[in-house]
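Enquirer: my questions are about this predicted structure, shown below with the sequence.
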Amino acid sequence: MRAAMFYGPNKMIVEESSFSHSENEATIKMDACAVCGYDARVFRNGHRKVKPPVILGHEICGQTLQAINTSKGVLSAGTRVVVLPTIPCLSCWYCNNQQYNLCNNLMEIGSTINGGFAEYVKIPQQVIKIGGIVPVPENLCNEEATLLEPLACCLNGFSRLGEIEKDGVIAIVGDGPIGLLHLQLSKKLYNMRSIVIGKIPFRMQMAERMGADAVFTFGNGTEEDVSDFTRGRGADVVIVATSNPEALNFATKIAAKNSKINLFASFSNCNSFSPDPNWLHYNQVSIMGSFSSTPLTLQKAMKLVSDGEIDLSKMVTNRYSLNEIEHAMLATEEFHGLRVVVNRF
Ligand SMILES: [Zn+2]
Ligand SMILES: [Zn+2]
């Protein structure tokens, strides 16, 4: 099969790769794979989780090559599906509590094992067992379907917030696809007044069109902008949806009393973040993280989108073939459009 093999930083080669099917796996013929910011960062810098050579890509939409027995019945060959990229061990404490994304022995499709930037991808038995292969309804195109995985991650993040203040304000730091998915969820599910803080003019315009109540440029004076919008109180929820470590201290500057700050992104160039413990204590501020998603959030994401609650149709802006994988990485890294998708293999 044709595959974009990652050999280390700045080295990805589209080549013929051997592919064999085993009884314990499902094989998916790829229709589309979106490029996550994570993929672009791994391509440029490598990552401690990633041992080359490996095929990246975890935002997967494709068709089952054979029938698959799942806990919810048989998926016939040729069913269009999306896939949960986390591969749990099914024996640790977290797996026993269905918190598969926190598995102590976690492996990941498109990171620790071969992923979706290829003609075919193999899905291990554990993913099938936990309900991680989900059929895609007719009313979603392949490109929209690739965004269900990131949407599920955002839902997982929201599930960590617990009770949210009535009439609360959410500030989303980051204007990328993840920031805009958070924006849609905050408006549709929680009806929160929503601020998007970004840097890229096109993305900030998209945030306005998707219903942001305020859009501010990240830089000098943004703290005052948020303060003015919230009448000096600050935001009740702050989502850090950017890998820029400057966003961390900034998040603490715009957080209200009783607020929750979720670190949704990972930070490749950040070794320290030291919020003032007394500030946390006296203001009852919680700082938390969220990572990846679970079968439940993936199914919930599917339902929200197929019911028309969340609109993914404007999220994919740039399309590439597998041969153009380096361009796809560059477009992601340089913040072109919104989501970049590889859709010809
Ligand atoms: Zn991703
Ligand atoms: Zn486990």
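Expert: Happy to help now that I have it. Ligands and ions are numbered 1, 2, ... in the order given.

Enquirer: and the closest residue to residue 230 other than its chain neighbours, what does it touch?
Expert: In space, residue 230 comes closest to residue 169 once its chain neighbours are excluded; the distance is 5.3 Å by C-beta to C-beta, 6 or more residues apart in numbering. Where C-beta positions appear, they are placed from N, C-alpha and C, glycine not excepted. For residue 169, the contacting residues are 192-195, 229-230, 233-237, 256, taking C-beta atoms under 8 Å, 6 or more residues apart in numbering as the criterion.

Enquirer: number of nearby residues for residue 27?
Expert: Here the number of neighbours of residue 27 (other C-beta atoms under 10 Å) works out to 19.

Enquirer: same question for residue 89.
Expert: For residue 89, which is what you asked about, the neighbour count (other C-beta under 10 Å) is 14.

Enquirer: please apply the same query to residue 319.
Expert: Residue 319 is surrounded by 17 other residues when neighbours are defined as other C-beta under 10 Å.

Enquirer: what are the phi and psi angles of it?
Expert: Comment: the main-chain dihedrals of residue 319 come out as phi -130, psi 140, following degrees, to the nearest 10.

Enquirer: pLDDT score for it?
Expert: At residue 319 the predicted local distance difference test score is 97.

Enquirer: how about residue 293?
Expert: In this prediction, residue 293 has a pLDDT value of 96.

Enquirer: secondary structure class for it?
Expert: When classified by DSSP: H, G, I helix; E, B strand; the rest coil, residue 293 comes out as coil.

Enquirer: separation between the residue nearest to residue 160 when sequence neighbours are not counted and ligand 2?
Expert: Distances taken as C-beta to C-beta, 6+ apart place residue 290 nearest to residue 160, at 5.0 Å, with adjacent residues excluded. Summarising the geometry, the distance separating residue 290 from ligand 2, computed by C-beta to the ion, to the nearest Å, is 18 Å.

Enquirer: now residue 47
Expert: Between residue 47 and ligand 2 the computed distance is 21 Å (C-beta to the ion).

Enquirer: what's the answer for residue 224, then?
Expert: 46 Å.

Enquirer: so which residue is smack in the middle of this protein?
Expert: Centroid check for the chain by C-alpha atoms, centre = their mean gives residue 150 as the closest residue, at 3.0 Å.

Enquirer: what bridges to the residue nearest to residue 230?
Expert: As for beta bridges, residue 169 partners with residue 193 under DSSP bridges.

Enquirer: likewise the one 4 residues further on?
Expert: According to DSSP bridges, the partner residues bridging residue 173 are residue 197, residue 240.

Enquirer: let me know the pLDDT of the residue nearest to residue 230.
Expert: On the pLDDT scale, residue 169 is placed at 98.

Enquirer: before we move on, what about the one 3 residues further on?
Expert: According to the prediction, residue 172 has pLDDT 98.

Enquirer: hang on, it packs against residue 185?
Expert: No - counting by C-beta atoms under 8 Å, residue 172 stays clear of residue 185, with 9.9 Å between them.

Enquirer: not counting sequence-adjacent ones, nearest residue to residue 26?
Expert: In space, not counting the residues next to it along the chain, residue 26 is nearest to residue 123; the distance is 4.3 Å by C-beta to C-beta, 6+ apart.

Enquirer: if anything else comes up later, I'll come back, but that's it for now.
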